[in-house]
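[1] Have a look at this fold, sequence not included:
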């Protein structure tokens, strides 16, 4: 189902000379953080073959992003295997090419939505299952789901594979002010200001979807939390989200440092 990317659409105009070195420690740290997310997503079954993709804008740049190369499963990825691409499809650093839909979705999202410094797209099973059902995907019946109260949008217009800029633009235009996009018949997109916050949202989104699917499987009514309480709980959760997300990512890196240290190579 994955597709190779064709020739680049144009040339990148170089930025100023005062931007971070692409081989420097700040960019290296971002690649290591992203590689850790790939590895842990694989452990949790959040990937599908070689068809899903995570991206993050290169620190200090507004026109370059880090993304996984075509042909690799999440569990195989390391920091050094990740690519740096521009918005025209040129690979500025790294070996290989991004998968075609990864480029057309992520490049257009990052270009058209500057606040989306990070974008994680998966076909993770429980959240994707909810994107296939009638009505809004989340009922907001469980506490974990309230982390996403008022932060989601449902793109109901499935148009097949994103193999050109038009579909990437359409997806980007559907986002609005949301951080979480349920993509009808497809999967989910999580947008965040940092790698840590995108990972934290991705993980808890699938957990919220999983318990909702389990609750629905009982055949009993699943009742949403009262809207006023849901809003209050959401605000309580969001107050500490950036720090909690930072600690969450640090925890998975410590675990991987012990069990899969090659992720940081």
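    Here it is on my side, so go on. None of these values were measured; they are calculated from a predicted model.
[2] residue boundaries of the helices in the stretch 101-250 of the chain?
    Assignment of helices within the stretch 101-250 of the chain using DSSP state H, counting those that start in this stretch yields the ranges 125-131, 165-175, 195-217, 227-239, 241-259.
[3] quick check: mean pLDDT across the last one?
    Looking at helix 241-259 alone, the average pLDDT works out to 98.
[4] For that helix, name the packing helices and strands.
    The helices and strands touching helix 241-259, judged by 3 or more Cβ pairs under 8 Å, 6 or more residues apart in numbering; DSSP states H and E, are helix 25-43, helix 195-217. In this view, the C-beta of every residue, glycine as well, is placed from N, C-alpha and C.
[5] Just the buried positions in the last one, please.
    The reference is to helix 195-217. Applying a neighbour-count criterion of 16 or more other Cβ atoms under 10 Å, the buried positions in helix 195-217 are 195-213, 215-216.
[6] State the pLDDT value of residue 131.
    Looking at residue 131, its pLDDT stands at 97.
[7] Between the helices of the stretch 101-250 of the chain, which one is closest to residue 58.
    helix 195-217 (11.8 Å; Cβ to Cβ).
[8] tell me the angle of the closest one relative to helix 227-239?
    Taking axes from the mean of the first three to the mean of the last three Cα atoms, to 10 degrees, helix 195-217 and helix 227-239 form an angle of 150 degrees between their directions.
[9] ok now helix 195-217, how far from the chain's centre?
    13 Å (Cα atoms, centre = their mean, to the nearest Å).
[10] again, but for stretch 155-171
    Here the centre of mass of C-alpha atoms in stretch 155-171, compared against the chain's by Cα atoms, centre = their mean, lies 16 Å away.
[11] could you redo the helices and strands packed on helix 241-259 as JSON lines and give each row mean pLDDT and distance to residue 159?
    JSON lines is the format used below for the helices and strands packed on helix 241-259 (pLDDT from 0 to 100; distance: least, Cβ to Cβ, whole Å):
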{"stretch": "helix 25-43", "mean pLDDT": "98", "distance to residue 159": "25"}
{"stretch": "helix 195-217", "mean pLDDT": "98", "distance to residue 159": "23"}
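[12] contacts for stretch 213-225?
    Under the criterion Cβ atoms under 8 Å, 6 or more residues apart in numbering, residues 126, 129-130, 139-143, 146, 212, 230, 233 lie in contact with stretch 213-225.
[13] Flag every buried residue along stretch 174-184.
    Across stretch 174-184, burial judged by 16+ other Cβ under 10 Å covers 174-175, 178-183.
[14] Could you list which of those residues belong to strands?
    Applying DSSP state E to the buried residues of stretch 174-184, the entries found in strands are 180-183.
[15] What residues does residue 137 make contact with?
    Going by Cβ under 8 Å, 6+ apart, residue 137 touches 127, 130-131, 152, 154, 182, 209.
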